[in-house]
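Participant: what follows is a predicted structure for the sequence shown.
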Amino acid sequence: MRELLDELLILAKAASKRAYAPYSGYHVGSAVMTAERKVYTGCNVENASYSLTICAERNAVFKAISEGYQDIIAIAIYVDSDRLFPPCGACRQVLAEFNPKMEIVYANQNEAIYNTLDILLPGAFSL
Ligand code: THU
């Protein structure tokens, strides 16, 4: 799984270069992998009306879902910064919808943190 996450991280880093982030300046990229080994990438897309911004993670997840792949097994997130960007609470809940035990790596220019969603979002809401 580490190798897979590290490959996803390379794609997430490439996706971060496509971020539209004129307001925060933080360029975030993400890549998800499905059980069928399909990969979808996303970046953050900001808006002058700030709350309309979409995070890189949800962008990638929604691409996978809209292409017909719901069984997401792993996600990588990269921010081109010396800060770390663990997935925000809203993104954690969206990720949990599709796999509460998803494998996660989030990384910045200096380090990578490996985790699972059930650790990052205990007690996720579900119906
Ligand atoms: N952002 C993400 O893309 N993912 C996260 O999990 C946290 C935040 C983006 C949203 C916004 O464009 C910028 O980072 C600063 O919040």
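Facilitator: Sure, I can see it.
Participant: so residue 31 sits in a strand?
Facilitator: Yes. Counting by DSSP: H, G, I helix; E, B strand; the rest coil, one finds residue 31 located in a strand.
Participant: which residues of this protein fall in helices?
Facilitator: 2-16, 56-66, 89-98, 117-120 (DSSP state H).
Participant: mean confidence for the shortest one?
Facilitator: For helix 117-120, the mean pLDDT works out to 98.
Participant: before we move on, what about the third one?
Facilitator: The predicted model gives helix 89-98 an average pLDDT of 98.
Participant: in it, what counts as buried?
Facilitator: Buried residues in helix 89-98, counted by 16 or more other Cβ atoms under 10 Å: 91, 92, 93, 94, 95, 96, 98. In this view, the C-beta of every residue, glycine as well, is placed from N, C-alpha and C.
Participant: likewise the last one?
Facilitator: Within helix 117-120, the residues that qualify as buried by neighbour count (16+ other Cβ under 10 Å) are 117, 120.
Participant: so which elements touch that helix?
Facilitator: Contacting helix 117-120 under the criterion 3 or more Cβ pairs under 8 Å, 6 or more residues apart in numbering; DSSP states H and E are the following elements: helix 89-98.
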